[in-house]
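J.: Quick one: sequence and predicted model below, then my questions.
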Amino acid sequence: MPKPNVPAAEVLRGADGELIYLALLSYADRLARIYGWTSGKVLPAAASPQSVVHDIVVKVLQGTRTWDPEREPDLLVAMKGMVRSDIGHLFGRAETARTEPINKTRPDGTERCEEDIA
């Protein structure tokens, strides 16, 4: 089981915690819009920019996602990278789900191949 991230908890519960959270919400919203998300709609996997940020905060506090202050001293910058990663994965999975393999059986039972695309 992961160890709780005490340094991150101290920062998030401190004076800058609310500002970090609000900055992450704004960042997640802008990033999702770059991917084509529109307000009022859900992201792939029924997520929202707010739920992505919430999940990141919980994962950082629980130690599932780690913040190394020596590698990246600014918690906001580190968490923006985590938000970018999670939103990218959401849209990447959605794109993968919409594509189908090149070799797929046609309705008549024959195999479709690369030459069929050309």
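T.: Looks like it came in fine.

J.: Which strands and helices lie in contact with the helix ranked longest in the chain?
T.: The longest helix of the chain (DSSP state H) is helix 75-98. Other elements packing on helix 75-98 under the criterion 3 or more Cβ pairs under 8 Å, 6 or more residues apart in numbering; DSSP states H and E are helix 6-13, helix 17-34, helix 49-62. Yep, even glycine has a C-beta here, placed from its N, CA and C like the rest.

J.: looking at the ones you listed, which is buried most?
T.: Highest mean neighbour count of the helices and strands packed on helix 75-98: helix 49-62, a mean of 18 (counted as mean count of other Cβ atoms under 10 Å).

J.: how far off helix 75-98 does that one point, in degrees?
T.: Counting by axes from the mean of the first three to the mean of the last three Cα atoms, to 10 degrees, helix 49-62 lies at 120 degrees to helix 75-98.

J.: Pull helix 49-62 out as PDB, backbone CA atoms only.
T.: The C-alpha coordinates for helix 49-62 follow below in PDB (Å, rounded to 0.1, in the frame of the first residue of the first chain):
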ATOM      1  CA  PRO A  49     -12.100  18.200 -15.800                       C
ATOM      2  CA  GLN A  50     -13.200  18.600 -12.200                       C
ATOM      3  CA  SER A  51     -13.200  14.900 -11.500                       C
ATOM      4  CA  VAL A  52      -9.800  14.500 -13.100                       C
ATOM      5  CA  VAL A  53      -8.400  17.200 -10.700                       C
ATOM      6  CA  HIS A  54     -10.200  15.700  -7.700                       C
ATOM      7  CA  ASP A  55      -8.800  12.200  -8.500                       C
ATOM      8  CA  ILE A  56      -5.200  13.700  -8.900                       C
ATOM      9  CA  VAL A  57      -5.500  15.400  -5.500                       C
ATOM     10  CA  VAL A  58      -6.700  12.300  -3.800                       C
ATOM     11  CA  LYS A  59      -4.000  10.100  -5.500                       C
ATOM     12  CA  VAL A  60      -1.300  12.600  -4.500                       C
ATOM     13  CA  LEU A  61      -2.500  12.700  -0.900                       C
ATOM     14  CA  GLN A  62      -2.800   8.900  -0.700                       C
END
